[in-house]
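Student: Based on what follows, work out the 3D shape:
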Amino acid sequence: MLDVVQAREKMVERQIRRRGVADAHVLEAMRSVPREAFVTPGLEEFAYEDSALPIEAGQTLSQPYIVALMIQAAEIRPGDRVLEIGAGSGYAAAVMSRIAGEVYAIERHEALSALARQRLDRLGYDNVQLRTADGTGGWPEQAPFDAILVAAGGPGVPQPLKDQLEIGGRLVMPVGDTPRDQRLVKVTRTGATHFEEDDLGPVMFVPLIGEHGWDEGEAEARRPAEPRSFKAPSAPAPIPQLIHEAAEPLPDPADPRFAEAFDRFADARVVLLGEASHGTSEFYRARAAITRRLIERHGFSIVAWEADWPDAASLDRYVRQRPAPAHAEPPFRRFPTWMWRNTDVEAFVEGLRAWNEALPPERRAGIYGLDLYNLSASIQAVLGYLDEVDPDAARVARQRYGCLTPWAKEPQAYGRMALSSGYARCEEAVIKTLGDMLSKQLEYVGQDGEAFLDATANARLVKNAEAYYRAMYYGAASSWNLRDTHMFETLCAILDAKGPQAKAVVWAHNSHIGDASKTEMGIVREELNIGQLCRERFGDQAALIGFGTHTGTVACADDWDEPMVVKKVNPSHADSYERLAHEAGEPRFLLDLREGRHEALRHRLLGPRLERFIGVIYRPQTEIWSHYVECSLPQQFDAYVWFDETNAVTPLPTRARRGAEETYPFGL
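Tutor: Now for the predicted structure:
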């Protein structure tokens, strides 16, 4: 059963307040009015979802955020006289009645008027007067009004409504030449014949029909085929059934047909492939299959990992058959070694090398690291490069990096020192080193463009790692944001270096590649991530693909620098997206979540639900607190890949080098 009090509070907090509606009167009114009392019977469970809903007479109940936004824009205050055009179910009038002194509402449909009157009377909202009429002419005998709200879109603001505004009164209404091209406008009466107008942004409402709006025939012709709501049946199908109907079954990742389903994303500039844990074989094998197809069939040439640049550079030299510099260290020897030193990654690397062998060097696909933890290796890489191309610059860089040298193996100790000392001791030095290298780009690139890209990426890593380890002790959000911003900047630098036709595949955890602004991470903790930044930069040219599982086994650790163990993954939580996917009954599938594909399902999935995130640490006994976050899956990802039961990766034999936690303090 829906806990309406809790759902109403979540609606106000997440859908309204966090989107910028700050008027205390509006927030309190939205908290107090039971929206479930104003929906069509049978749809009560959807009353607090972030969407418009269908009501009687082919009309809609506006999205909660839109109701709140319009009331805030109208600046309604206690004692005000308010007119509403298009009362519909009566919900907006009820909300305004909790603020204003008197509310006058007009609805042209007799049946809707009667239902709205019954609801308002039942709830005791006796300061609302409601009548059935052509709302475009207003209610002249009760004018003037302090505020007028019009819940239908017209070709312009009707003059009678403007005339019925008090001096200083505000009118809020959607206006546009077509129902698909509407803008919400605010009109303020500043004098007897003077009005000011503000544009509040795009919206989509049902047509405003009447003498001073559209005529009924014209409105019907202009009505969008699918209004900004969903047409739910009287007995909505269960979500797992809708998932089952929309799911595209997938074979095992070893089957060549597996990756064919992802050709739909081949035109993207960046395809980001997630994982729900750092230790699940199916996620690695799926990403490998998709990546191979994007490289071999669609011209992708950049494989960017949630891994440190110098470690990934060792594998890049291997797959592109480039010589290793003298300063190179063995890669991926730091905790958690199994994340990249496992049999699935090994198979992908060997396959990529074999593919590259038949290609000229300039067309070979490469592997690049986006993360910023291997500080010591990056320092050595910068100095080794400058020793070869510019010995004088190398001497200066050694002096500057000398500040960080004592902390290079234990950089988190630098963060503690910087915090206690109260200043960024090494910040200026590392910024200058990167700046000097970039200022000589033309000179350095002429000698070896690939070596310059490698060196500047390492210099950027040193600069950003210095800031990261300082920020780590001030709070998780700032250090997380620095890290993901660094990964995004590094990805953009690679794309820029490779040219305007270059296309990249990114492998990272779901927490990095799913749009953080659509999750608890961004809404509550104010964290951003590389997926969000890619959407903002590349728009539809970024494809964000998440992965999930119900149960199985996972390679992980009990704590930092602890040995790898294989643990059983708990069955997914009853209130999670994973449980819905499990109950769909398909062992493997692709779910296309983009707008216009499966709208009924997409709408049902929009409201926040739990989603599981397992990093390098897994604590099954506290899973609900340690590993679940509230998200909106269709807004977070463009597609979702499901494996109902999964297996742990198989690590390669490795002697781990102890050191700073690679994903401290997050494990993601």
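
Student: can you pull the contacts of Q636?
Tutor: Counting by C-beta atoms under 8 Å, 6 or more residues apart in numbering, Q636 touches 514-515, 518-519, 531, 544, 546, 611. From N, CA and C alone the C-beta is placed, and that goes for glycine too.

Student: Which residue comes closest to it once chain neighbours are left out?
Tutor: With sequence-adjacent residues excluded and distances taken as C-beta to C-beta, 6 or more residues apart in numbering, Q636 is closest to G514, at 4.0 Å.

Student: For the one you found, which residues are in contact?
Tutor: 274, 529, 531, 544, 546, 631, 636-637.

Student: In TSV: these, plus distance to T650 and pLDDT.
Tutor: Below are those laid out as TSV (distance: C-beta to C-beta, whole Å; pLDDT from 0 to 100):
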residue	distance to T650	pLDDT
G274	21	97
N529	29	95
G531	28	97
L544	28	98
G546	24	98
C631	30	93
Q636	30	96
F637	28	97
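
Student: looking at those, which has the most residues close by?
Tutor: For the contacts of G514, neighbours were counted using other C-beta atoms under 10 Å, and G531 has the most, 33 neighbours in all.

Student: What separation do you get for that one and N342?
Tutor: Separation of G531 from N342 (C-beta to C-beta, to the nearest Å) stands at 24 Å.

Student: Y368 now?
Tutor: Y368 sits at a distance of 19 Å from N342 (criterion: C-beta to C-beta).

Student: what's the answer for G299, then?
Tutor: G299 sits 28 Å away from N342, going by C-beta to C-beta.

Student: between these two, which one's more packed in?
Tutor: The neighbour comparison of G299 against N342 (other C-beta under 10 Å) goes to N342, with 22 against 13.

Student: Spatially nearest residue to the more buried one, not counting backbone neighbours?
Tutor: Counting by C-beta to C-beta, 6+ apart, N342 lies nearest to V649, which is 4.1 Å off, once chain neighbours are set aside.

Student: What pLDDT does the model give the one you found?
Tutor: With respect to pLDDT, V649 scores 97.

Student: what's near enough to touch it?
Tutor: Counting by C-beta under 8 Å, 6+ apart, V649 touches 279-281, 284, 338, 342-344, 555.

Student: give me the low-pLDDT residue ranges for the stretch 301-450 of the chain?
Tutor: Within the stretch 301-450 of the chain, the segments meeting pLDDT under 70 span 326-329, 374-382, 385, 397, 400-438, 440-449.

Student: Swap in 50 and give it another go.
Tutor: Applying pLDDT under 50 to the stretch 301-450 of the chain picks out residues 407-408, 413-423.

Student: neighbours of Q72, just the number please.
Tutor: By other C-beta under 10 Å, 18 other residues sit near Q72.

Student: Leaving out chain neighbours, which residue sits closest to it?
Tutor: With sequence-adjacent residues excluded and distances taken as C-beta to C-beta, 6+ apart, Q72 is closest to D23, at 4.4 Å.

Student: Scan this structure for its longest strand.
Tutor: Identified as the longest strand of the chain according to DSSP state E is strand 542-556.

Student: any idea how far R579 is from Q118?
Tutor: From R579 to Q118 the distance is 38 Å (C-beta to C-beta).

Student: Neighbour count: these two, which is higher?
Tutor: R579 (19 against 11).

Student: and the strand or helix carrying that one, what other elements does it pack with?
Tutor: Using DSSP states H and E, R579 falls within helix 577-583. On a contact count with 3 or more C-beta pairs under 8 Å, 6 or more residues apart in numbering; DSSP states H and E, helix 577-583 meets helix 239-246, strand 542-556, strand 609-612, strand 639-646.

Student: What residues of the first one count as buried?
Tutor: In this case it means helix 239-246. Across helix 239-246, burial judged by 16 or more other C-beta atoms under 10 Å covers 239-240, 242-244, 246.

Student: Over to the last one?
Tutor: For strand 639-646, the buried set under the neighbour-count rule, 16+ other C-beta under 10 Å, comprises 639-644, 646.

Student: Closest to A289 out of those?
Tutor: V641 (10.8 Å; C-beta to C-beta).

Student: Grab the nearest non-local neighbour of the closest one.
Tutor: Distances taken as C-beta to C-beta, 6+ apart put F547 closest to V641, at 4.8 Å, once the chain neighbours are dropped.

Student: same thing with L69?
Tutor: V21 (6.0 Å).

Student: Surely the one you found is within a helix?
Tutor: No: secondary structure of V21 (DSSP: H, G, I helix; E, B strand; the rest coil): coil, not part of a helix.

Student: Report the distance from stretch 7-27 to the chain centre.
Tutor: 20 Å (C-alpha atoms, centre = their mean, to the nearest Å).

Student: First residue to last residue on it, what's the distance there?
Tutor: 14 Å (C-alpha to C-alpha, to the nearest Å).

Student: what comes into contact with that stretch?
Tutor: Applying C-beta under 8 Å, 6+ apart, the contact partners of stretch 7-27 are 30-31, 34-35, 47-48, 50, 64-65, 68-69, 71-72, 76-78, 95, 99, 523, 608.

Student: what about that stretch, average pLDDT?
Tutor: pLDDT averaged over stretch 7-27 gives 89.

Student: residues of it that come out buried?
Tutor: For stretch 7-27, the neighbour count (16+ other C-beta under 10 Å) marks 7-8, 11-12, 14-17, 21, 23, 25-27 as buried.

Student: Please apply the same query to stretch 356-375.
Tutor: 356, 364-375.

Student: just these now: which is nearest S439?
Tutor: Nearest to S439 among these: L372, at 22.4 Å, using C-beta to C-beta.

Student: so that closest one touches T485, yeah?
Tutor: No: contact criterion C-beta atoms under 8 Å: L372 and T485 do not qualify, at 10.1 Å.

Student: Now for G154: which residues touch it?
Tutor: G154 neighbours (C-beta under 8 Å, 6+ apart): 136, 173-175, 207-208, 212-214.

Student: Including pLDDT, distance to P391 and neighbour count, could these go into CSV?
Tutor: Shown next, in CSV, are these (pLDDT from 0 to 100; distance: C-beta to C-beta, whole Å; neighbours: other C-beta atoms under 10 Å):
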residue, pLDDT, distance to P391, neighbour count
T136, 95, 80, 23
M173, 96, 70, 28
P174, 93, 67, 24
V175, 94, 68, 21
P207, 88, 74, 25
L208, 91, 75, 27
H212, 90, 80, 18
G213, 89, 77, 24
W214, 87, 77, 21
